[in-house]
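Visitor: how would this look folded up:
(one chain, ligands or ions: 2)
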Amino acid sequence: MTHADTPWWKSAVVYQIYPRSFCDTNGDGVGDLEGIRRHLDHLVWLGVDAIWISPFFRSPMKDYGYDVSDYCDVDPLFGTLADFDRLLGDAHARGLRVLIDWVPNHTSDEHPWFVEARSSRSSSKRSWYVWRDGTPDRPPNNWRAAFSADPAWTWDAKTQQWYLHLFLPEQPDLDWDEPAVEAAMHETLRFWLARGVDGFRMDVVHCIGKDPALPSVAAERARIPYCALNEHESTHERLRRIRELVDSWPGERVMVGEVAVPWTDVVARHYGENDELHLAFNFPPLFAPWEAAAWRERIDQTRGALDPREAWPTWVLSNHDNRRHRTRYGSEARARAAAVLLLGLRGTPFLYAGEELGLEDAVIPPARVLDPGGRDGCRAPLPWEPTPGHGWGAREPWLPWPPDAVQRSVAALRADPASILHLYRRLLALRRSSPALRLGEFRWLDAPAGVLAWERRCAGDRCVVAVNFSDTDAHAVLTTGLRVEIASDGLGEGAPYAGRIGPDQALVLRTGL
Ligand code: NOJ
Ligand code: CA
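Guide: Residues are numbered from 1 along each chain as shown. Ligands and ions are numbered 1, 2, ... in the order given. Sure thing, here's the model as predicted:
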């Protein structure tokens with residue numbers, strides 16, 4: 001494959017925006033679409049290629065937008081469809097692609113489809129959701145919902161049946177065995193494709209096919225939320241039909257599926273024979289500790305599962321569902337080294353807004369806890385300015401500011417060339433200019449314990465990435481004639497590589513002395 005016909009999303013870096021937390025422009029304390037539009041130039045300066053915006057559709061916000069009550073409209077909290085069109089136009093004018101978040105497994109309980117479905121057993125939409133007979137004391141199976149220890153079933157007293165919800169009771173699962181559901185959800189994709197979006201992040205898309213017999217899971221698995229266990233053949237044919245639809249639109253639109261299971265081989269199956277997802281999230285690396293051996297294992301698992309299918313990997317360290325890696329790894333030095341790791345691997349990296357600022361999770365006082373899943377800390381608002389209010393509208397934001405919001409504001413870090421923000425910017429610029437880093441082959445190099453080193457090579461271009469996960473100096477020859485192109489702590493950039501990697505330091509090295 002030549003570079004000219006490589007799809008854009010293989011060499012792109014995608015930046016995830018949680019819209020509530022990015023920037024508020026109207027003073028209600030909640031980020032909005034206009035807040036994203038106003039900061040597009042900053043994202044261009046940073047050097048990302050695409051943004052993925054978490055849900056901004058109409059929603060009662062029980063799961064902060066992942067409970068959609070109208071797939072084809074913007075929630076007034078975030079703005080209007082006209083605001084979205086303006087944002088999309090301005091992004092495209094700057095060469096930024098825009099992915100939106102499609103939530104196909106469930107709707108809000110306030111979606112008109114569910115309101116109709118639950119109105120009576122003979123409702124025309126009854127079959128759009130998953131209902132089962134029974135008695136109020138005994139759910140139809142032992143599946144567990146996410147965010148609690150409760151069953152994935154709620155008893156509907158009015159119609160005397162259970163309905164299924166893999167997440168909150170306010171998020172009833174659609175029944176994709178009903179052809180009208182598939183047709184209606186395809187329509188929602190067409191709506192946004194016609195508006196010009198470049199693709200979709202697809203929420204827990206591995207759950208749209210379920211065993212119609214809804215069998216209980218083995219007792220030892222009954223404590224795991226069922227959404228992390230589901231895999232069914234029917235998902236694959238549904239993904240193929242969605243892929244056909246998305247591919248039939250001009251301009252290489254992309255489907256990035258969230259396959260939220262802890263097994264990379266299951267993730268890999270959702271790429272199909274290059275006829276299902278273009279990209280799938282693979283979370284085992286996100287859950288790996290900051291240890292060379294753990295990372296080596298996860299990288300090898302990923303290569304082992306995806307390479308034979310010619311499936312292109314994704315890499316994620318942080319998102320709106322998990323503690324930030326800056327918090328998990330425990331220091332800025334490690335967060336910086338992790339940035340080199342993430343942007344040096346073979347695959348499409350996803351950045352979560354704020355990681356380029358080295359943000360830690362906010363401490364949430366009990367009185368301000370909002371999320372039923374305990375994820376508020378990583379959703380703290382982004383500080384843009386060091387001044388009070390941090391560049392947001394006047395009121396207190398919906399969640400507390402993260403630690404050190406003054407020093408870690410975008411403006412403060414932009415003014416400091418040694419900051420983590422500038423490290424991300426240098427890494428993104430290097431990636432853009434280096435075919436080896438964007439698309440090159442991956443090969444491990446010998447390295448001492450505690451260090452991972454690999455080579456990326458594409459035609460004449462060659463980069464070596466070395467990450468020291470340990471807290472002591474490491475000495476590694478790697479190969480001769482290398483120059484330090486980027487150092488996670490900025491030290492020695494431009495100098496010949498002398499064979500030493502500092503504690504929690506990562507380097508990108510290049511030939512060219
Ligand atoms: C995965 C999303 O990332 C998460 O935020 C959400 O709560 C669940 N899916 C349910 O939609
Ligand atoms: Ca707002």
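
Visitor: going by C-alpha atoms from here, please, whenever you check contacts or count neighbours.
Guide: OK.

Visitor: get me the contact residues on this structure for ligand 1.
Guide: Applying C-alpha under 6 Å from any ligand atom, we find that the chain lies next to ligand 1 at Asp63, Tyr66, Phe167, Asp203, Val204, Asp321.

Visitor: mark which of the residues you listed are buried, thanks.
Guide: For the residues of the chain next to ligand 1, a burial check counting by 16 or more other C-alpha atoms under 10 Å picks out Asp63, Tyr66, Phe167, Asp203, Val204.

Visitor: from Glu332, how far off is the last one?
Guide: In this case it means Val204. In this view, Val204 and Glu332 are 31 Å apart by C-alpha to C-alpha, to the nearest Å.

Visitor: cool, the first one as well?
Guide: Distance of Asp63 to Glu332, computed by C-alpha to C-alpha: 30 Å.

Visitor: secondary structure class for Trp454?
Guide: For Trp454, the secondary-structure state derived from DSSP: H, G, I helix; E, B strand; the rest coil is strand.

Visitor: and the residues of the chain next to ligand 1, which is closest to ligand 1?
Guide: Taking C-alpha to the nearest ligand atom as the measure, ligand 1 sits nearest to Tyr66 out of those, at 4.5 Å.

Visitor: surely the closest one touches Arg58?
Guide: No. Applying C-alpha atoms under 8 Å as the test, Tyr66 and Arg58 come out as separate, 9.8 Å apart.

Visitor: for Met1, give me the pLDDT.
Guide: Among the per-residue scores, Met1 holds a pLDDT of 46.

Visitor: wait, Gly512
Guide: Per-residue pLDDT puts Gly512 at 64.

Visitor: and if you look at Pro402?
Guide: Note for Pro402: predicted pLDDT of 98.

Visitor: give me the element Asn319 is part of.
Guide: According to DSSP states H and E, Asn319 maps onto no helix or strand at all.

Visitor: how far away is it from ligand 2?
Guide: 21 Å (C-alpha to the ion, to the nearest Å).

Visitor: in the protein, which helix is the longest?
Guide: Using DSSP state H, we find that the single longest helix of the chain is helix 179-195.

Visitor: can you pull out the low-pLDDT segments for the stretch 401-513 of the chain?
Guide: 512-513 (pLDDT under 70).

Visitor: quick one: the strands in it, in order.
Guide: In the stretch 401-513 of the chain, the segments counted as strands under DSSP state E, counting those that start in this stretch are 441-445, 451-458, 461-468, 474-475, 482-487, 500-501, 506-511.

Visitor: tell me the centre residue of the protein?
Guide: Nearest to the geometric centre of the chain sits Asn319, at 5.4 Å (C-alpha atoms, centre = their mean).

Visitor: so that residue sits right up against Tyr352, yeah?
Guide: Yes. Asn319 is in contact with Tyr352 according to C-alpha under 8 Å; the separation is 5.3 Å.

Visitor: now the common contact residues for the two.
Guide: Gln16 (C-alpha atoms under 8 Å, 6 or more residues apart in numbering).

Visitor: returning to that earlier point: and the contacts of the longest helix of the chain?
Guide: Taking C-alpha under 8 Å, 6+ apart as the rule, helix 179-195 contacts 71-72, 85, 104, 128, 174-176, 199, 242, 245-246, 249.

Visitor: among the residues you listed, which are located in strands?
Guide: Tyr71, Cys72, Gly199 (DSSP state E).

Visitor: name the nearest residue to Val103, ignoring sequence neighbours.
Guide: Nearest non-adjacent residue to Val103, counting by C-alpha to C-alpha, 6 or more residues apart in numbering: Asp203, 4.9 Å away.

Visitor: contact partners for that neighbour?
Guide: Asp101, Trp102, Val103, Pro104, Asn105, Gly257, Glu258.

Visitor: report pLDDT for it.
Guide: What the model reports for Asp203 is a pLDDT of 98.

Visitor: let me see the domain layout of this structure.
Guide: 3-106+179-429, 112-164, 441-511 (automatic domain parsing).

Visitor: ends of the second one, how far apart?
Guide: Distance between the two ends of domain 112-164: 17 Å, counting by C-alpha to C-alpha.

Visitor: now Asp70: how far from Ile242?
Guide: Distance, Asp70 to Ile242, by C-alpha to C-alpha: 20 Å.

Visitor: this completes my enquiry, with thanks.
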